[in-house]
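Asker: My questions concern the predicted model and sequence given below.
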Amino acid sequence: MPLIERPVLIAFARNLLVCAGMEDDKAAVTAEVLVEGDMIGHDTHGLQLMPWYLEQLADGSLNGKGSFDVVADKGSAFVWDGRLLPGAWLLTRALDQACERVADHGIVGAAIRNSHHTCALSAYMRKVTDRGLIVQISVSNPAAARVAPFGGTKPLLTPNPLAMGFPTSGDPILVDVSCSITTTTTTQLLAKRGELYPEAWGLTAEGEPTDDPREITERGGSMMPLGGALKGHKGYGLALMVDLLGQGLSGKGRANTAPGPLAQSAFLQVIDPAFFAGFGAFAEQSDWTAEACRTNPPAPWNNGPVRVPGDSASRKRRKALAEGVPVVEAHWLKLAGHAARLGVDMPSASVAAEA
């Protein structure tokens, strides 16, 4: 598996996007977020997405130029229309603005409508938690339907990822989960390869549990909400929360969005612990809780110590910074083809070494 130094890989990804028609400021941020996804182990939402982004730029589904429209701005809360600009750029700009304002308000929230794909939500959180702030992000796609409401059979919702990041004195706690058992990307990849889910993660169009992702991609089935056939009301409830926060507060959602090209809705919050009992008081609790979880006696089936959400991402990130960012060989070969087409130089062999 090729290992590429982070600055080299970001510059390469940035050049691909610029040569495909994206403005440089947006390309720089998008490249950084995609590479961060690979660094923390979310390779389905890292540079694997680049060929799709380039195709979307070419057909106009992804808008690479211009800026968002401000729908509302009340200081502690604001709403943007993203105009199908890169989700990585929109979320990063919104989080930066929220971080700048949060010292004055304690909590700053934002809703964004008409955003293009937002990448891995975990890829945004460390920049916020490193500032001693709490961050929450959730995203849905009202233009698509993948998940049936619990007890139903017709796809209506999307996986609706929900993420929160909490600072500690050490590695942050990073929670990033979908409201469905699996994701659209995983489902599409498995179906394309002719592979099955590890368990019955989907429903047929008739509502029967299935481990065949092609029931979803080809035959009108749906992905099951988190909790599955027995406890899926929990994931269903979370998905409704995500839908209404991003779509309801941004003013555009399933009620007035026809099925079609991706147009995501997002909701985010930044919280400043210093505005409440103080960062020291917060870190005392987050440090204690994280350590109590890590030192909890492991169950017999657990192969290793108990982990806190974000531990694996932090470990992989440190390794990537020291040794290079891993890129799946098949993805690297696809990128090479696009680089040749766009006239972008691939990183040299001395940089790309085999793991």
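Answerer: Nice, thanks for sending it over. On a predicted model such as this, the values are computed, not experimentally measured, just so you know.
Asker: Would you quantify the distance from the nearest residue to Thr183 once chain neighbours are set aside to Met223?
Answerer: In space, and not counting its chain neighbours, Thr183 is closest to Pro159: 5.2 Å by C-beta to C-beta, 6 or more residues apart in numbering. The way it works is simple: take the backbone N, C-alpha and C, and place the C-beta from them, glycine included. Going from Pro159 to Met223 by C-beta to C-beta, to the nearest Å gives 7 Å.
Asker: between these two, what contacts are shared?
Answerer: Arg146, Val147, Ser180, Thr182, Thr184 (C-beta atoms under 8 Å, 6 or more residues apart in numbering).
Asker: Report the separation between the first one and Ser222.
Answerer: Meaning Arg146. 6 Å.
Asker: Thought Thr185 was touching the residue nearest to Thr183, still the case?
Answerer: No - judged on C-beta atoms under 8 Å, Pro159 makes no contact with Thr185 at a distance of 9.1 Å.
Asker: for the residue nearest to Arg307 when sequence neighbours are not counted, phi and psi?
Answerer: The spatially closest residue to Arg307, leaving aside those adjacent along the chain, is Arg294, at 7.0 Å (C-beta to C-beta, 6+ apart). Reported as degrees, to the nearest 10, the phi and psi values for Arg294 are phi -70, psi -30.
Asker: mind showing which ranges of the stretch 101-250 of the chain have poor pLDDT?
Answerer: Nowhere does the stretch 101-250 of the chain drop to pLDDT under 70.
Asker: ok, which stretches of it are helices?
Answerer: 122-129, 184-193, 214-217, 228-243, 249-250 (DSSP state H, counting those that start in this stretch).
Asker: most packed of those?
Answerer: Mean neighbours per residue, mean count of other C-beta atoms under 10 Å, is largest over those for helix 122-129, with a mean of 24.
Asker: So which other helices or strands are in contact with that one?
Answerer: Applying 3 or more C-beta pairs under 8 Å, 6 or more residues apart in numbering; DSSP states H and E, we find helix 122-129 packed against helix 24-39, helix 87-105, strand 134-140, strand 162-166, strand 173-177.
Asker: ok, and which of these has the densest surroundings?
Answerer: Comparing those by mean count of other C-beta under 10 Å gives strand 134-140 as most buried, with a mean of 25.
Asker: one step back: spit out the residues that contact Arg146 and Ser222 alike.
Answerer: With C-beta under 8 Å, 6+ apart, Arg146 and Ser222 have common neighbours Pro155, Ile216.
Asker: Counting neighbours, go ahead and name the busier of these two.
Answerer: Higher neighbour count among Arg146 and Ser222: Ser222, with 25 against 22, using other C-beta atoms under 10 Å.
Asker: In contact with that one, which residues are there?
Answerer: Listed by C-beta under 8 Å, 6+ apart, the contact set of Ser222 reads Arg146, Val147, Ala148, Thr153, Lys154, Pro155, Gly202, Leu203, Ile216.
Asker: what do you get if the cut-off is 7 Å, keeping everything else the same?
Answerer: Arg146, Val147, Ala148, Pro155, Gly202, Leu203, Ile216 (C-beta atoms under 7 Å, 6 or more residues apart in numbering).
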